[in-house]
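>>> Make a model of this:
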Amino acid sequence: VLEVVRGQDAWNRILEANQFNDPPSQGGEYVLVKVRARYIGTADESVNLSGSDFQSTGGANVLYEQTSVVEPEPAIDAYLFPGGVHEGWVTVMAAEGEVGMILVFDPLWDWSGDNVRFLGLE
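Predicted structure coming up:
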């Protein structure tokens, strides 16, 4: 995790990225997280890294639904081969002012649960 932006600042950046992005739901706020990811696998093929691989939770112990917005550039979306590294923005949700925020990396097409990671945002 390289940078975290919440609340109105996050909404301003998301709106600037695409004027058709929807505002956060009432009582909620967007959390923008700039992430650096490295593929540590050894398979001789690429894996897809996308914003759909991320969710958030926090002190309220709620796993928030994924967002559907156009992120600021660069977005986290990339295909990585072993050793490949990419930095980009991910957008997740939270209740306004929630503390103890955690970014949850859970690859969309990995049903094993072996690759789930939890990254503190505070």
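>>> C-alpha from now on. contacts and neighbour counts both.
Will do.
>>> Rank the helices and strands of the chain by mean pLDDT and give me the bottom one.
Scoring the helices and strands of the chain by mean pLDDT, DSSP states H and E places strand 47-49 at the bottom, with a mean of 92.
>>> which residues touch the helix or strand that it is followed by?
Next along the chain after strand 47-49, taking DSSP states H and E as the criterion, comes strand 54-57. Applying CA atoms under 8 Å, 6 or more residues apart in numbering, the external contacts of strand 54-57 come out as 63-66, 90, 92-94, 101-107.
>>> and those, which are buried?
64, 90, 92-94, 101-107 (16 or more other CA atoms under 10 Å).
>>> Quick check, residue 98 in contact with residue 61.
No: proximity of residue 98 to residue 61 does not meet the contact threshold set by CA atoms under 8 Å, at 10.2 Å.
>>> Neighbour count for these two, which is higher?
A count of neighbours by other CA atoms under 10 Å puts residue 98 above the other of residue 98 and residue 61, at 13 against 10.
>>> the residue most distant from the middle of this protein, which is it?
With distances taken from the mean C-alpha point of the chain and given as CA atoms, centre = their mean, the most distant residue is residue 44, at 25.9 Å.
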